[in-house]
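Q: 3D, please:
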Amino acid sequence: MIRHWVLALLAAFLAAPAAAAETAFQEAALAIPMINGNGNKLELAGRICVPQGAMKPRVVLHNHGRARNPHQAVMLGCDGQLAQWYMARGFAVAFMQRRGYGATGGRLVEDPAGCGGQFNYVRAALESGRDIAATVAFLSVLPYLRSDGMVVQGHSAGGLATIAFGAFNDSRAAALVNFAGGRRCGDVNEAWAAAGAIGEASKASVPMLWMYAANDYWWPPDYALPLHRAYTSAGGKATYVGLPAYGNSMMIGHSDIVSGEGASNLWGPPLEAYLKERGVMGADGKAAP
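A: All right, here's what the predicted structure looks like:
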C-alpha cells in the first residue's frame, strides 16, 4: 500500500511546475498513511517543497501549532519564509496536518475535550508525536528524498509534539527543533511536570534546540525556562535560546515567531549553528551531503 502511495506521489511531484519565488521549488500534496492507537488506518494531509534541481536532499518536517478553529487550519506554503529559508540552504521541507486539523480532519485526538479539567499533557503530546512518527516513516521511503538525517521541528503545540517525538527515539531524525513549544491548559505546574515526564522518556534522544521570544504571550521566560529545566533535569537534552522580542505585541511574539516577516533574522543564526553542530548542515551553510 505504501508503495502505491509513493509511486503516485512521485508522478505528481515530477509533473509539478516550478514556482516563482526567491528559491524556485517543486511542490506536491502528500497523503500520509498512519495507524492510530486503535489499529485503524488513517491519512494525514501534507505538502512537500523541494528546491528545483535538488537531488535527494535532506528533509525538514515542520509541525503546526494549535489553531483557534482546528478544522479550518491552513498549512504553511512553500513560498513562505520558513520553507524558503530552508530551501535556500538545500533542504526539502515537508508540512503535515495532525489528526483533527484542516484537510486531515477527523477527531482532534490530541485535545479531545479542550482545556478542561481532564486535560492530559503527556497523552496529548504523545498522540501528536505519533502523527510525527508516521510522517517521518513515510518521508523516509520517498525515492527523491534522503531517508535519514532529517530535521524535525514544530511551533507552539507542534513544538510540544516535537519534544514528545524525541521519546520515540527515531534514528532517522538527526535534529529536533522546538519553536515556542508547549500547551497552556489550566495549572502551568502540570505542563512543567509533563515536560519532566517526557524528558525522562527522552534520555536516548538527540539533543534539541529550544527557542522562545522574550515577548511570547503563552511562554514568556518565567514559564519557558522552568519548562526547559523540568525537561533537562529529568534527562532530556536541550539547549535553550532566548530570542529578542519579536513584533509589537506579546501575542505576535508567540504566534508569528516562525513565519512572521523578518523573524528568521532572530532564529536563523542559532538554528544554523545548531544544524551545523548536528552535522546536517555544512560549514558553508548548506545542507550536508
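Q: shaky segments in this structure?
A: For the chain, the stretches flagged by pLDDT under 70 are 1-21, 116-117.
Q: 50 instead?
A: Where the chain drops to pLDDT under 50, the residues are 1-20.
Q: Next one: residue 109 from residue 34, what distance?
A: For residue 109, the distance to residue 34 equals 11 Å [C-beta to C-beta, to the nearest Å]. Where you see a C-beta, it was placed from the backbone N, CA and C, and this is true even at glycine.
Q: ditto for residue 272
A: Using C-beta to C-beta, one gets 32 Å for the distance from residue 272 to residue 34.
Q: Same drill for the two, tell me which one is more crowded.
A: Neighbours per residue, other C-beta atoms under 10 Å: of residue 272 and residue 34, the larger number sits with residue 34, 19 against 14.
Q: Next, the more buried one: phi, psi?
A: Torsion angles at residue 34 (phi, psi; degrees, to the nearest 10) stand at phi -150, psi 160.
Q: so what's it bridging to?
A: Under the criterion DSSP bridges, residue 34 forms beta bridges with residue 42.
Q: Could you list which residues are in contact with the closest residue to residue 227 other than its chain neighbours?
A: Closest residue to residue 227 apart from its sequence neighbours, by C-beta to C-beta, 6 or more residues apart in numbering: residue 195 at 4.9 Å. Residues near residue 195 by C-beta atoms under 8 Å, 6 or more residues apart in numbering: 163, 182, 227-228, 230-231, 234, 236.
Q: Of those residues, which is the most crowded?
A: Of those, residue 163 is surrounded by the most neighbours, 29 neighbours in total, counting by other C-beta under 10 Å.
Q: Please, where are all the helices along the stretch 1-150 of the chain?
A: Taking DSSP state H, counting those that start in this stretch as the criterion, the stretch 1-150 of the chain carries its helices at 2-15, 81-87, 121-139.
Q: Tell me the buried residues in the longest one?
A: In this case it means helix 121-139. Under the neighbour-count criterion of 16 or more other C-beta atoms under 10 Å, helix 121-139 has 121-122, 124-136, 138-139 buried.
Q: Could you list the residues in contact with the helix or strand that comes right after that helix?
A: Downstream of helix 121-139, the next assigned helix or strand under DSSP states H and E is strand 150-155. Applying C-beta under 8 Å, 6+ apart, the external contacts of strand 150-155 come out as 58-65, 91, 132, 136, 139-140, 159-162, 165, 172-181, 257-258, 275, 280.
Q: now stretch 68-85
A: 19, 21-23, 25, 27, 45-47, 49, 62, 64, 67, 87, 93, 95-97, 100-103, 105, 108, 111, 258-261, 263-264, 268.
Q: How far off centre is it?
A: For stretch 68-85, the separation from the chain centroid amounts to 12 Å (computed by C-alpha atoms, centre = their mean, to the nearest Å).
Q: Can you dump the C-alpha atoms of that stretch in CSV for me?
A: Taking Å, rounded to 0.1, in the frame of the first residue of the first chain, the C-alpha atoms of stretch 68-85 are listed here in CSV:
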residue,chain,number,x,y,z
ARG,A,68,-8.3,28.5,17.2
ASN,A,69,-10.5,26.6,14.7
PRO,A,70,-8.6,23.4,14.1
HIS,A,71,-10.8,22.1,11.3
GLN,A,72,-10.2,25.3,9.4
ALA,A,73,-6.4,25.3,9.8
VAL,A,74,-4.3,26.0,6.7
MET,A,75,-0.8,24.6,6.1
LEU,A,76,2.2,26.9,5.6
GLY,A,77,3.2,27.2,2.0
CYS,A,78,6.4,26.6,0.0
ASP,A,79,6.7,30.3,-0.8
GLY,A,80,6.6,31.3,2.9
GLN,A,81,9.6,32.4,4.9
LEU,A,82,10.2,29.2,6.8
ALA,A,83,10.3,26.9,3.7
GLN,A,84,12.3,29.5,1.7
TRP,A,85,14.9,29.8,4.5
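Q: Which residues are in contact with residue 218?
A: Contacts for residue 218 were tallied using C-beta under 8 Å, 6+ apart; they are 156, 180, 182, 184, 254.
Q: is it true that the second one touches residue 157?
A: Going back to what we said before, that points to residue 180. No. If you go by C-beta atoms under 8 Å, residue 180 and residue 157 don't touch, sitting 9.8 Å apart.
Q: Need the contacts of residue 218 in TSV (columns: distance to residue 221 and secondary structure).
A: TSV is the format used below for the contacts of residue 218 (distance: C-beta to C-beta, whole Å; DSSP: H, G, I helix; E, B strand; the rest coil):
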residue	distance to residue 221	secondary structure
156	16	coil
180	12	coil
182	13	coil
184	15	coil
254	13	helix
